[in-house]
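K.L.:
Quick one, structure for this:
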Amino acid sequence: MKTIFISFIAIAVLAITGCDNFDLLQSEKKLNKSIQKTWRIVTSKAAPNDRAAEKWTFKDNVINIAFKKNNAFDTLVVGSYKLDTRISKSYVNISAFEYSDYTNSSFTADDLNRQWTIVELDKGIMYLSAIDTRGAIRSIEFIEE
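P.N.:
Here you go, the predicted structure:
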């Protein structure tokens with residue numbers, strides 16, 4: 001009887017915390033394999049014919065952000081990342097950005113250097129969310145390149 005009760009409680013806790021197919025009990029190794037790609041950022045500013053105005057490449061704990069200031073990808077900003085997985089959520093801790101201007105997606109280094117919750121990482125879409133220093137919720141949506 002005690003075993004049935006403990007099993008019921010465990011199932012209930014898992015159901016309450018959200019059983020997304022992505023983040024439940026995901027290992028860092030598997031998550032790292034999923035994130036290590038080049039991603040195109042989705043913004044409301046990008047013109048329809050210029051959908052790739054900012055590209056993020058995650059590889060070996062380094063993030064390269066390439067974006068257009070003129071007509072070509074002429075600006076590269078480099079930072080680092082570390083993944084942190086929990087039972088029901090995964091995070092990407094972004095750090096070491098020192099860019100003094102804004103990226104095309106309107107982020108400064110201060111905006112980027114923080115812990116981001118991986119809200120979605122599935123079927124070529126990655127969605128990150130964080131709370132900035134002013135208490136505002138910031139989000140970044142990507143499409144796999």
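K.L.:
give me the number of residues near Asp74?
P.N.:
By the criterion of other Cβ atoms under 10 Å, Asp74 has 10 neighbours. (Each C-beta comes from the backbone N, C-alpha and C, glycine too.)
K.L.:
That one reaches Lys68, doesn't it?
P.N.:
Yes - with contact defined as Cβ atoms under 8 Å, Asp74 counts as touching Lys68 (6.6 Å).
K.L.:
neighbouring contacts of the lengthiest strand in the chain?
P.N.:
Longest strand in the chain by number of residues (criterion: DSSP state E): strand 73-85. For strand 73-85, the external contacting residues (Cβ atoms under 8 Å, 6 or more residues apart in numbering) are 26-28, 31-32, 35, 55, 58, 61-69, 90-97, 99, 103, 109, 112-113, 115.
K.L.:
filter those to the buried ones?
P.N.:
26, 31-32, 35, 55, 58, 63, 65-67, 90-92, 94, 97, 99, 103, 109, 112-113 (16 or more other Cβ atoms under 10 Å).
K.L.:
now, which of the residues you listed lie within helices?
P.N.:
Among the buried ones among the contacts of strand 73-85, DSSP state H puts 31-32, 35, 109, 112 in helices.
K.L.:
hang on, the earlier thing: tell me which of the contacts of strand 73-85 fall in strands.
P.N.:
55, 58, 62-68, 90-95, 115.
K.L.:
Point to the residue nearest the middle of the protein.
P.N.:
Leu128 (3.8 Å; Cα atoms, centre = their mean).
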